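Participant: the sequence and its predicted three-dimensional model are supplied below.
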Amino acid sequence: SIVGFRLSDYLLIMATPPLAAPQAYRQKPPQAPGQPMHRPAQPAGQMLPRDRLVKYHKYTTAERGVLDVCHRYPKLPLSGAFCSMETFWPTNDAWNNLDLTVNVNFKSDPRSAVPQEEPDTPNFAAYDRTFVRAILLSGRPTDNEGHLTKELKVLVGKEAKGGLFAFGGEWKPGTKGHGKEPTDSNFHKACAMYCKQQCGVDISKCKKWIKFIEFTYKRKSGTTDRTYLYIPDIWNHLGGQDITVHRQTKTITVPVLAPPKKTEEKEGEEKKEEDEKAAEPQTVTKTETVTRSLFVSLHGLLDYDPNNQHMRNPDSHLEVCLFAEVFAEMVSTQCTNKLVPFLTNKKAENEKNEAEKKRKREEQEEENKIKRQKLEEEAKAAAEAKAKREEEEKDMTEEQIKERREQEEKEKQEKEAEQKKQEEEKQPEKKKKTKLVYNEEALAAFSWFDIPNPIQKGSLGRLQVENALYASGDRTSREVEELMKAITDFGQQVDYKKLCSTEVEDDSPEEQK
């Protein structure tokens, strides 16, 4: 061939299988839809833990859309009509208006019942509507030191088929007791009427109504519904009392076939008439409980069931669950704000201790250096004295040398005895009695984040503390890093009881035996 290429070479090349592509150039498996390319796809049904999510969502954000709510609370199912929610506690000073130390004891009496109210039909309204609901909050008893989530309790309604709701209903302008203008005072009056009708608790005397959350729904018909959630100050009017709450019932008529009666055999038309009479169904009147009042803790509200699909009104259940989440965020923000000055002081204390340790270390190094120099000088002087003594002993007799050695040994023993006597005369320092003093405010703030499951661990994850600092305010990464320096002595688990304790001298008198 002119070009130096033969047909046999071509056939050999075509028959050789292609080499596998290097690992770096192989095509990666396709990512799941909606997943970023820098992170592997999340397995189905697996969700990130709560403390990994809250870092990127501020508690103090007032307006929250559907996407924000889905990311914040991934376990909570939203209805198709849910549009947005707005929290008011960051702006209306809700925390300072609450009194969580007064306990209101709600007692349910099975014999106490009221007729069923008209059910809400939010999906079939032809006009924009406004709903007002009240959360009846009871504080922690003063003699109880349990976790706050288990001691704070809320009175809500529970449907027979499942699902919770806050007491209240639709505000109807022009109706008796509702007023005509959409003002807060008219909303309060209407909500107090609904609460009295539904559970028998009179909250009309409450003067403070804390506006907490507003929910917005877009219905299929194009209308907009809004729900306002209030917290009335029942602790100022019902505190320390035993309040009896009602349940809602309805009367139903159920046809029941009567059991056949044993009678003597008859013939003819008499037997036929009796059979027809026995076959006729008999009606029985029954009373069925539609809803009942439920006195549940905040911990119970936060442990909601995401798979409950048997609720008559899922919007009402969603509102109660979101109230529990937002209330927990408010308490978390207040606890974190109390921890910030404590961590700042702890960081300054750690820096002071580190500076003191560094000073003592440098002083110790200086002392060791002086000791080494002194030992070197003594060794040098001893070597010179030994050489001088050996030089002098060349011209001395053995008896003179022996006498001289005995004299030196005697002087050495006297010197050692003198040093021993001086050490014995020194009085040993008594050990000071110490005790641990706790920073109660910081300890209570840390304890809030240690949710009992079923008991408190006494420690928090380092990431959990960091996320709380991010979520409870507009702090930068540098500010959070500076605050986290207060817990540098701990690893991934922070023993907050040890962190909040300080060892001080105990001046209390000793007990006489």
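Facilitator: Right, received. Where do you want to start?

Participant: could you measure from residue 168 over to residue 227?
Facilitator: 8 Å (CB to CB, to the nearest Å). (Glycine included, C-beta is placed from N, CA and C.)

Participant: and for those two, which residues touch both?
Facilitator: Taking CB atoms under 8 Å, 6 or more residues apart in numbering as the contact rule, residue 168 and residue 227 both touch 131-133.

Participant: so of these, which ones are in strands?
Facilitator: Mapping the shared contacts of residue 168 and residue 227 onto strands (DSSP state E) picks out 131-133.

Participant: of these, which is the most crowded?
Facilitator: Taking other CB atoms under 10 Å as the neighbour criterion, residue 132 ranks highest of those with 28 neighbours.

Participant: and the pLDDT for that one?
Facilitator: For residue 132, the model assigns a pLDDT of 95.

Participant: residues touching it, list them.
Facilitator: By CB under 8 Å, 6+ apart, the residues touching residue 132 are 168-169, 171, 187-188, 190-191, 194, 227-228, 230.

Participant: so which of residue 168 and residue 227 has more stuff around it?
Facilitator: Comparing residue 168 with residue 227 by other CB under 10 Å, the one with more neighbours is residue 168, at 27 against 23.

Participant: list the contacts for that one?
Facilitator: 131-134, 190-191, 194-195.

Participant: switch to 7 Å and redo it
Facilitator: By CB atoms under 7 Å, 6 or more residues apart in numbering, the contact set of residue 168 is 131-134, 191, 194-195.

Participant: which strand or helix spans it?
Facilitator: Here residue 168, judged by DSSP states H and E, is contained in strand 167-170.

Participant: quick one: whichever helix or strand comes after that strand to chain centroid distance?
Facilitator: Downstream of strand 167-170, the next assigned helix or strand under DSSP H and E is helix 184-199. Distance, stretch centre to chain centre, for helix 184-199: 32 Å (CA atoms, centre = their mean, to the nearest Å).

Participant: list the buried ones in helix 184-199?
Facilitator: Neighbour-count burial for helix 184-199 flags 186-196, 198-199 (criterion: 16 or more other CB atoms under 10 Å).

Participant: tell me which other helices or strands it touches.
Facilitator: With contacts taken as 3 or more CB pairs under 7 Å, 6 or more residues apart in numbering; DSSP states H and E, helix 184-199 sits against strand 129-134, strand 167-170, strand 242-256.

Participant: mean pLDDT lowest for which of those?
Facilitator: Among the helices and strands packed on helix 184-199, strand 242-256 carries the lowest mean pLDDT (a mean of 70).

Participant: confirm residue 491 sits in a strand?
Facilitator: No. Applying DSSP: H, G, I helix; E, B strand; the rest coil, one finds residue 491 to be coil, outside a strand.

Participant: okay, now it: neighbour count?
Facilitator: 9.

Participant: can you tell me the closest non-neighbouring residue to it?
Facilitator: What sits nearest to residue 491 in space, not counting adjacent residues and going by CB to CB, 6 or more residues apart in numbering, is residue 462, at 7.4 Å.

Participant: quick one, what contacts that neighbour?
Facilitator: If you count contacts by CB under 7 Å, 6+ apart, residue 462 has them with 487, 492, 494.

Participant: shaky segments in the stretch 51-200 of the chain?
Facilitator: The model of the stretch 51-200 of the chain has pLDDT under 70 over residues 51-56, 109-125, 142-144.

Participant: quick one: the helices in it?
Facilitator: Assignment of helices within the stretch 51-200 of the chain using DSSP state H, counting those that start in this stretch yields the ranges 66-72, 94-97, 148-151, 184-199.

Participant: among the ones you listed, which is nearest residue 161?
Facilitator: Shortest distance between residue 161 and the helices of the stretch 51-200 of the chain, using CB to CB, is found for helix 184-199: 17.1 Å.

Participant: pull the residues that contact the helix or strand following the closest one.
Facilitator: Using DSSP H and E, the helix or strand that follows helix 184-199 in sequence is strand 209-218. If you take CB under 7 Å, 6+ apart as the criterion, strand 209-218 is touched by 81-89, 92, 94, 97, 122, 184, 188, 224-232, 315, 319, 322-323, 326.

Participant: pipe the helices of the stretch 51-200 of the chain into CSV and attach distance to residue 353 per row.
Facilitator: Formatted as CSV, the helices of the stretch 51-200 of the chain follow (distance: least, CB to CB, whole Å):
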stretch, distance to residue 353
helix 66-72, 39
helix 94-97, 34
helix 148-151, 33
helix 184-199, 53
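
Participant: hang on, residue 335 packs against residue 443?
Facilitator: No. Counting by CB atoms under 7 Å, residue 335 does not reach residue 443; the two are 10.8 Å apart.

Participant: between those two, which one's more packed in?
Facilitator: Taking neighbours as other CB under 10 Å, residue 335 and residue 443 compare with residue 335 leading, 20 against 15.

Participant: quick check: chain neighbours aside, which residue is closest to that one?
Facilitator: residue 445 (3.9 Å).

Participant: counting by contacts, list what the helix or strand harbouring residue 448 packs against.
Facilitator: Assigned by DSSP H and E, residue 448 belongs to helix 440-449. Judged by 3+ CB pairs under 7 Å, 6+ apart, helix 440-449 is in contact with helix 314-393.

Participant: give me the neighbour count for the residue nearest to residue 335.
Facilitator: Residue 445 has 23 neighbours, counted by other CB under 10 Å.

Participant: low-confidence ranges in the stretch 251-400 of the chain?
Facilitator: For the stretch 251-400 of the chain, residues meeting the criterion pLDDT under 70 lie at 251-290, 307-312.

Participant: any of the contacts of strand 209-218 buried? List them.
Facilitator: Using 16+ other CB under 10 Å as the burial test, these include 81-82, 85, 87-89, 94, 122, 188, 224-232, 315, 319, 322-323, 326 as buried.

Participant: does residue 89 touch residue 330 like I think?
Facilitator: Yes. Counting by CB under 7 Å, residue 330 is a contact partner of residue 89 at 5.0 Å.

Participant: now do the shared contacts for the two.
Facilitator: The contact lists of residue 89 and residue 330 share residue 95, where a contact means CB under 7 Å, 6+ apart.

Participant: if we can go back for a sec, relative to residue 67, which of the contacts of residue 462 is nearest.
Facilitator: Nearest to residue 67 among those: residue 492, at 31.7 Å, using CB to CB.

Participant: correct me, but that closest one touches residue 464?
Facilitator: No. Taking contacts as CB under 7 Å, residue 492 lies outside contact range of residue 464: 10.1 Å.

Participant: so these two - more neighbours on which side?
Facilitator: Shown here are residue 492 and residue 464; by other CB under 10 Å, residue 464 has more neighbours (19 against 8).

Participant: tell me which element the more buried one is part of?
Facilitator: Using DSSP H and E, residue 464 falls in helix 462-471.

Participant: report the rounded mean pLDDT for the helix or strand just after that helix.
Facilitator: Sequence-wise, the next helix or strand downstream of helix 462-471 (DSSP H and E) is helix 477-484. Mean per-residue pLDDT for helix 477-484: 88.
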